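sequence plus predicted model, see below.
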Amino acid sequence: MDSKTQKNRERKARRNHRDRQNTRMNFGKYKGFYFKDIPMEYLEWAAKNWVEIQYRPILTLVVEEIEYRYFNN
């Protein structure tokens, strides 16, 4: 990945993180938890296992949270 693409992804991850700060998980083991409070291990597991269509909107949030943590740790 070139540096321009990476910087764009980092900016998007930061912007979307602000939106996710007040978003809660709506089902599963961490139902009711804010995305920022869900352990990274669970987010990684979810990204690998929630490929089914009905999980796609929440999967997008999970992947964005993983990217945010990756770029900001």
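Yep, it's here. Numbers count the residues shown, from 1 in each chain.

by mean pLDDT, which helix or strand of this structure comes out lowest?
helix 3-20 (a mean of 72; mean pLDDT, DSSP states H and E).

following element in sequence after that one, please.
helix 40-49 (DSSP states H and E).

same for that next one, what does it pack against?
For helix 40-49, the helices and strands in contact under the criterion 3 or more CB pairs under 8 Å, 6 or more residues apart in numbering; DSSP states H and E are helix 56-71. For glycine as for every other residue, the C-beta is placed from the backbone atoms N, C-alpha and C.

the helix it packs on - contacts with which helices or strands?
Where contact means 3+ CB pairs under 8 Å, 6+ apart, helix 56-71 is packed against helix 3-20, helix 40-49.

I'd like the distance from the last one to the chain centre, please.
The offset between the C-alpha centroid of helix 40-49 and the centroid of the whole chain comes to 9 Å, using CA atoms, centre = their mean, to the nearest Å.

and stretch 2-12, by the same measure?
16 Å.

buried stuff in it?
Of all the residues in stretch 2-12, those buried under the rule 16 or more other CB atoms under 10 Å are Arg9.

with just CA atoms, put it into PDB.
Once non-C-alpha atoms are left out, stretch 2-12 reads as follows in PDB (Å, rounded to 0.1, in the frame of the first residue of the first chain):
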ATOM      1  CA  ASP A   2       1.400   3.400  -0.900                       C
ATOM      2  CA  SER A   3       1.800   6.100   1.600                       C
ATOM      3  CA  LYS A   4      -1.100   8.300   0.200                       C
ATOM      4  CA  THR A   5      -3.500   5.400   0.300                       C
ATOM      5  CA  GLN A   6      -2.500   4.600   3.900                       C
ATOM      6  CA  LYS A   7      -2.900   8.200   5.000                       C
ATOM      7  CA  ASN A   8      -6.400   8.300   3.500                       C
ATOM      8  CA  ARG A   9      -7.300   5.100   5.300                       C
ATOM      9  CA  GLU A  10      -5.900   6.600   8.600                       C
ATOM     10  CA  ARG A  11      -8.000   9.800   8.100                       C
ATOM     11  CA  LYS A  12     -11.100   7.800   7.400                       C
END
